[in-house]
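# mind looking at a prediction? Sequence and model below.
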Amino acid sequence: MMSMTAIAPEAWIAGGALFVVLLEALRPFVKDRVLAWAIPASTLVALGLAAMTASFWRGSSQGVFFDGTLVVDPLSRLLVVAVSVVALLVVIYSVGDLERHDLGHGEYYALLLTATLGILAIVTGADVLVLFLGIELLSLSLYAMVSIDRERAIAAEAAMKYFFLGAIASGILLYGLSLLYGLSGTLSLVTLPRMILGLGGGDHLLFFFATTFVIVALAFKFGAAPFHMWVPDVYEGSPTPITLLVATIPELGAIALFVRLLVVGLHPLMSQWAPLVLGVAILSLLIGNLAALAQSNFKRLLAYSAIAHVGFILLGIATGTIEGEIAAIYYTVIYVSMTLLAFGLLLALRARGRDVESLDDLAGLSQVHPWWSLLMLFAMFSLAGVPPFIGFWAKLAILRALLGNGEAWVAVLAVVMAVVGAFYYLRVVKIMYFDRIANEKSVPAPWGVPEIVLSVNGCALFVLGLMPDALWQLCAWAVHH
């Protein structure tokens, strides 16, 4: 019975995906207006039930289940709730735009649920094979979603690049994992560290090769430099609701994967993987921030910004300390909330006749939409790390972890890159508030649930910045227990 309780969130998500597919199959027999609300509503119910089930997990229901393949612990509990809530917000922000552009069919919601299911497999996986299956389920869902708008040639091109590079990364990852299995004789992340220690893994050349393959593949999968080439194309080529999804939920899966596979499973090999992760992190900071300076397309700017933020997250992982792990999780949750706001605002502006592609499309936004421009300012200030917004405390947590580990030069480099990043974020604010457009008119649009939730999302970045310890303590509880 406990085993069934452990997979209850996954069961709700999988059941929701199957139900959405069933509803879509009834389209020839049911009015489109009925399906237009029934399919999104079913998706929201499945995600809400998954979040509620995980939040009510008791201490007695925690442990390792299904012959050591699935783990329920405070970290998985926190991340399952976070993934479900973020996916729910993605649906709320996107549903109106999808309907207006005739993309709100069942396949979008079914793929969103299967992508979420893949991330839950990563979050709760205690077995290398389960982690790989979760990564592939997530990846295949995203490949299909990027190309969901068949009329956009740029979307098809982005999907093809994403697919081919993702397939290469999958092969590299599978080869690295097969080396680990061949050397250690186990797929379990619980027994893997003991087997590595028993075999003297720290001095074994093949373990170094296996670890290198794994890190390269993970960097490919989650857009870290120098394996980031698909990220700007996917961000720009995808419809904005898809970009919102790609930019948020997978990041939670990424931090779970790095913690489960590297920090836990390959902990005895930390002397091998920590310098590699540090190198990837530094390259991500440099390439992401410097390339973002030259961008005129807003979504490409946010894509390179995402690469830079992945660099900050990996700096925490590279320390190999508990504080660094907590800081990386803390940063990831905050980054996802900031990105949700930024892309949610693009969708809100599209509903009001303001389709933002280039940075110049933001000119005069404060004249026409003062509230939305203020929320965009909140998002940009928080991404830049301007106090008192919560993004400042996220960067500060990473810097503290680096200094606590004696890596002062890395902390100095991170500060310099944060200053570089602040330039292009503040450039967005400058365009909104100081570049004027004469006689611009706004398209009226009624307020609804998405606008209210989006406003709460924006205000939360400021409010949480006034009491940052609450979220930090939650992340610390998840790691220490």
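Received, thanks.
# using PDB, list the CA coordinates for stretch 141-160.
What follows is stretch 141-160, C-alpha atoms only, in PDB (Å, rounded to 0.1, in the frame of the first residue of the first chain):
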ATOM      1  CA  SER A 141       7.700  15.200 -25.300                       C
ATOM      2  CA  LEU A 142       9.600  18.500 -25.800                       C
ATOM      3  CA  TYR A 143      10.700  17.500 -29.300                       C
ATOM      4  CA  ALA A 144       7.100  17.100 -30.300                       C
ATOM      5  CA  MET A 145       5.900  20.300 -28.600                       C
ATOM      6  CA  VAL A 146       8.500  22.500 -30.200                       C
ATOM      7  CA  SER A 147       7.200  21.600 -33.600                       C
ATOM      8  CA  ILE A 148       3.500  21.700 -32.600                       C
ATOM      9  CA  ASP A 149       2.800  24.700 -34.800                       C
ATOM     10  CA  ARG A 150       3.100  23.200 -38.300                       C
ATOM     11  CA  GLU A 151       2.700  26.500 -40.000                       C
ATOM     12  CA  ARG A 152       6.000  27.900 -38.600                       C
ATOM     13  CA  ALA A 153       9.000  26.900 -40.600                       C
ATOM     14  CA  ILE A 154      11.300  28.300 -37.900                       C
ATOM     15  CA  ALA A 155       9.600  26.000 -35.300                       C
ATOM     16  CA  ALA A 156      10.300  22.900 -37.500                       C
ATOM     17  CA  GLU A 157      13.900  23.900 -37.900                       C
ATOM     18  CA  ALA A 158      14.300  24.400 -34.200                       C
ATOM     19  CA  ALA A 159      12.700  21.100 -33.500                       C
ATOM     20  CA  MET A 160      15.000  19.300 -35.900                       C
END
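# need the residue closest to the centroid of the protein.
residue 251 (2.2 Å; C-alpha atoms, centre = their mean).
# and the pLDDT for that residue?
At residue 251, the model reports a pLDDT of 91.
# quick check, it in contact with residue 337.
No: assessed by C-beta atoms under 8 Å, residue 251 is found out of contact with residue 337, at 10.7 Å. C-beta here means a position set from N, CA and C on the backbone, and glycine is covered the same way.
# how far out from the middle of the chain is the longest helix along the chain?
Under DSSP state H, the helix in the chain containing the largest number of residues is helix 153-184. Chain-centre distance of helix 153-184: 18 Å, with C-alpha atoms, centre = their mean, to the nearest Å.
# helices or strands up against that helix?
Helices and strands touching helix 153-184, by 3 or more C-beta pairs under 8 Å, 6 or more residues apart in numbering; DSSP states H and E, are helix 128-146, helix 192-198, helix 205-221, helix 230-237.
# on that earlier part again, the residue nearest to the centre of the chain sits in which helix or strand?
Residue 251 belongs to helix 240-257 when assigned by DSSP states H and E.
# and if you look at residue 71?
Judged by DSSP H and E, residue 71 forms part of strand 70-72.
# for residue 309, give me its contacts.
Listed by C-beta atoms under 8 Å, 6 or more residues apart in numbering, the contact partners of residue 309 are 288, 331, 335, 383.
# mind pulling up the pLDDT for it?
On the pLDDT scale, residue 309 gets 94.
# and it, how far is that from residue 275?
As judged by C-beta to C-beta, to the nearest Å, residue 309 and residue 275 stand 21 Å apart.
# could you give the number of residues near the closest residue to residue 277 other than its chain neighbours?
Setting aside the residues directly before and after it, residue 277 is nearest to residue 318 in space (C-beta to C-beta, 6 or more residues apart in numbering), at 4.3 Å. The number of residues packed near residue 318 is 28, by other C-beta atoms under 10 Å.
# one more: residue 306?
Residue 306 - counted by other C-beta under 10 Å - has 27 other residues nearby.
# with residue 10 instead?
20.
# is it true that it touches residue 121?
Yes: at 7.3 Å, residue 10 counts as touching residue 121 under the criterion of C-beta under 8 Å.
# contact partners for residue 80?
Contacts of residue 80 by C-beta under 8 Å, 6+ apart are 9, 50, 51, 54, 120, 123, 124.
# for the last one, give its distance to residue 208.
This points to residue 124. On the measure of C-beta to C-beta, residue 124 and residue 208 end up 29 Å apart.
# ok, the two, which is more surrounded?
More neighbours surround residue 124 than the other of residue 124 and residue 208, with 28 against 17 (other C-beta under 10 Å).
# ok, for the more buried one, nearest residue in space, not its chain neighbours?
residue 76 (4.7 Å).
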